[in-house]
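Trainee: requesting a structural model of the entry that follows:
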Amino acid sequence: MADTGRLERPRGIAARAGSWSARHRWAAVGGWVLLVILALAVGSMTGRVDVTDSEQVPGESGRVSTILDEAGIDSAAGETVLIQAKGGGLTANDPAFHKAVDAVISGVRDTGKVTALRSPYETKTISADRRSALVQFEMRGDPEKASEHIQPVLDAVDKAKDRHQDLRIEEFGDASGQKAFDDAFGDDFTQAEFSALPVALGILLIVFGALVAALLPVVLAMTAFLATTGLVAVVSHWVHMSDTANSVMLLVGLAVGVDYCLFYLRREREERAAGRDAQTALRIAAATSGRAVLVSGVTVIVAMAGMLFTGIAEFKAMGLATLMVVAVAMVGSVTVLPALLSLLGERVEKGRIPFLARAKRRGGGESRVWRTVLGPVLRRPKLSLALASGALIALAVPAVGMNTANLTLDQEFGDRLPVVTAYNHIDEAFPGGSDPAKVVVKADDIDAAPVRDALARFRTEAVAKGASKGPVEVTVHREQNVAVVEVPLIGGSDEGKAEKSLNVLRDEVRPATLGTVDGLDAPIGGSTASSKDFNDKLGSAVPPVFAFVVVFAFLLMLMSFRSLTIAVTSIILNLLSVGAAYGILTAVFQHGWGAGLVGAEGVGAIVSWLPLFLFVILFGLSMDYHVFVVSRIREARLAGRNTKDAVVHGVVTTAGVVTSAAVIMVAVFSIFGTLSMQSMKQMGVGLAAAVLIDATVIRGVLLPAAMLLLGERNWYLPKWLRWLPDLAHDEPAPAQRPTAVVGVPTRPDADDRPRHARV
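Mentor: Purely as a prediction, here's the structure:
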């Protein structure tokens, strides 16, 4: 009864929030429902503002879009249709070839969707061997919405292709390429999103053995996502959002929302199974798991905030959206969940699945599997530490040679999409012509003689210096004093060669020509330039983001556990987990080792945005498990156990929850490994591998072995750091009997308690 009395005066935000919610349960539930409804309503009224083209790409490429936007010049979505002889014989001079060109032109014109339609016989876009020709045109209307209106044009080209089967007739361009990408990307994410919920619910049914208990985490996670969707729409008027950010927000929100509810719910059930009444069990769960949820949530938020420092609009959108959904899920877990549990009472066990429910009752709150694993780990902690660390370091070794790049169309999709083969065929016949560099020249007077002379010299030097084989086309917009120069780069789809051609343009041709005119601005953009500028910006952002995430996670661990040792080991263990994930990614997707096992292939590179994205996401998510396990170990120490007993108790009582949460995350992330896009496969495999390693090798072997070897030093906090804010807010916990582990003797030892617990 004394324990219950002490819990009447909860300390800490989580304990007080849980206690208030349990007492005012209808107010807590009603407030949550109202929050979700209001957030969705306000978000719907304000609308979401998405990242613009000029924001998406940094550097010179971004300036290209900015100049065109400010001048009111819409770069029309250009399209190209290749007519090419399949074998020897036919050339552009033959009547059959002429008929095919005419069929394409008439069919495309009749759609009413295009303008500036040009015949290859007029523009001289016929290859040197006369076997290939290009029909070029532009889509009418808003170029950003051209992909939504391209289908009739694609159908017209397909009809011409069917009538002239002795020729290769294929289309590629801004609109058709974007449509193919959007369809593949949208289908992939739709598949992932629709698969994630049933998978998570199925695993939770196995975990809890009851339908109501399994539904609670999913319902809370999804309502947190819905509320955040509305809030994000409002915030997007200051920090623009994107569809990618929204999809990542859903997956992260589902992962952490389910995790937090799982931690809380399992602890409440465990306390009730130990014989405590419902009110006491709920208060203990609020004071212990609730606090762990808060610490974990704040750590994840800090990690996600690291994306805001990249300076890249897409990363800023993902970072802000994910940290917001984590914050909302965290608040829901420590407020509305206690209220729902108080309302439901024993009804949380409704919808029991007989076999699973009996298994849960027999299993209690401890994991027999992990109890067995811990035996040899704690008998030989040095050997266990060495073997596990060595294995993770070995997995991480391939990451030393990691090559990052923006994946080309054929790397991303293989030859599965028609636009990919069309792009490659056009690039082979007209190198660089399907995706030229774009130079936007802005001057005080675009018709001034020095400017005209510089433009003419630029066209000549671009070919003379070996950056292009031509033709270099110039379009002058006199009213806006802007000229747009399109330069087909030598190298084409070969990113390395195309980037060398770009460097020649930027570093040699431009300074010697356009750079000689005072007051003239001439940034160079295009796909190759965008890729290079993005990678350069991303590379410069990596050190500060890594430093921010590591330093702030370290400080949070230090203040939350009042231990320098735990803070340091937390960072080291998480870095080992991330390093191993990087190594697996490099081995599978760069070198192709075992790629067939995940339906992938070695493409020679890791997509450039993924390492930083994975670091931030994994560092945040892995802290979930770490905080939860270490909190339970610390709780046992404060209750009077020695270090070994506390470690055993902490691991075996949390192993079931951590394993369940990890299985859900691995299953959800593995869905991405089944998708068609290589970048999505890489993300899925990287996330799933890291979470699996983190929940098994890190939490089940390295953490207990390291803590056992450190002993009393686990709780070391130097005097010069004791001024730091104390975020521990320890709750008195009822003493628990030591947990026996096979082969590990238990021995109460009051003198082995932390000094502040012996007072």
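
Trainee: got any ranges where the stretch 101-250 of the chain has weak pLDDT?
Mentor: 186-193 (pLDDT under 70).

Trainee: switch to 50 and redo it
Mentor: For the stretch 101-250 of the chain, no stretch is flagged by pLDDT under 50.

Trainee: which parts of the stretch 51-200 of the chain are strands?
Mentor: Secondary structure of the stretch 51-200 of the chain by DSSP state E, counting those that start in this stretch: the strands cover 78-85, 114-118, 132-139, 167-173.

Trainee: now these as TSV including distance to residue 389 and mean neighbour count?
Mentor: The way it works is simple: take the backbone N, C-alpha and C, and place the C-beta from them, glycine included. Formatted as TSV, those follow (distance: least, CB to CB, whole Å; neighbours: other CB atoms under 10 Å):
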stretch	distance to residue 389	mean neighbour count
strand 78-85	55	24
strand 114-118	62	15
strand 132-139	57	23
strand 167-173	50	24
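
Trainee: now those in JSON lines, with distance to residue 49?
Mentor: Formatted as JSON lines, those follow (distance: least, CB to CB, whole Å):
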{"stretch": "strand 78-85", "distance to residue 49": "27"}
{"stretch": "strand 114-118", "distance to residue 49": "29"}
{"stretch": "strand 132-139", "distance to residue 49": "24"}
{"stretch": "strand 167-173", "distance to residue 49": "27"}
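
Trainee: apart from its chain neighbours, what residue comes closest to residue 259?
Mentor: Once flanking residues are discounted, residue 259 sits nearest to residue 661: 4.6 Å by CB to CB, 6 or more residues apart in numbering.

Trainee: hang on, the earlier thing: closest to residue 587 out of the strands of the stretch 51-200 of the chain?
Mentor: strand 167-173 (33.2 Å; CB to CB).

Trainee: tell me the strands beside that closest one, with direction?
Mentor: strand 78-85 (antiparallel) (DSSP bridges).

Trainee: what mean pLDDT does the partner strand get?
Mentor: For strand 78-85, mean pLDDT rounds to 89.

Trainee: using CSV, write out every CA atom in it.
Mentor: What follows is strand 78-85, C-alpha atoms only, in CSV (Å, rounded to 0.1, in the frame of the first residue of the first chain):
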residue,chain,number,x,y,z
GLY,A,78,9.6,19.7,-74.2
GLU,A,79,9.0,16.3,-75.8
THR,A,80,10.9,14.4,-78.4
VAL,A,81,9.8,11.4,-80.6
LEU,A,82,12.5,9.2,-82.0
ILE,A,83,11.9,7.6,-85.5
GLN,A,84,14.7,5.1,-86.1
ALA,A,85,15.4,2.3,-88.5
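
Trainee: who's in contact with it?
Mentor: Residues outside strand 78-85 that contact it (CB atoms under 8 Å, 6 or more residues apart in numbering) are 91, 97, 100-101, 104, 108, 114, 120, 131-139, 150, 153, 157, 166-176, 422, 425-426, 429, 433-434.

Trainee: look up how far residue 601 lies from residue 583.
Mentor: Per CB to CB, to the nearest Å, residue 583 is found 18 Å from residue 601.

Trainee: for these two, indicate the residue with more neighbours.
Mentor: Ranked by neighbour count (other CB atoms under 10 Å), residue 583 and residue 601 place residue 583 first, with 22 against 15.

Trainee: can you name the element that comes right after the helix or strand hosting residue 293?
Mentor: Per DSSP states H and E: residue 293 is located in helix 289-305. Sequence-wise, the next helix or strand downstream of helix 289-305 (DSSP H and E) is helix 313-334.

Trainee: that next one vs helix 289-305, what angle?
Mentor: Computed by axes from the mean of the first three to the mean of the last three CA atoms, to 10 degrees, the angle separating helix 313-334 from helix 289-305 equals 170 degrees.

Trainee: isn't residue 605 right up against residue 412?
Mentor: No: counting by CB atoms under 8 Å, residue 605 does not reach residue 412; the two are 10.8 Å apart.

Trainee: related to what we said a few turns ago, residue 573 is nearest to which of the strands of the stretch 51-200 of the chain?
Mentor: strand 167-173 (47.8 Å).

Trainee: any idea how far the closest one is from the middle of the chain?
Mentor: 34 Å (CA atoms, centre = their mean, to the nearest Å).

Trainee: if we can go back for a sec, isn't the residue nearest to residue 259 up against residue 624?
Mentor: Yes: with contact defined as CB under 8 Å, residue 661 reaches residue 624; the gap is 7.2 Å.

Trainee: who are the contact partners of residue 414?
Mentor: Contacts of residue 414 by CB under 8 Å, 6+ apart are 420, 601.
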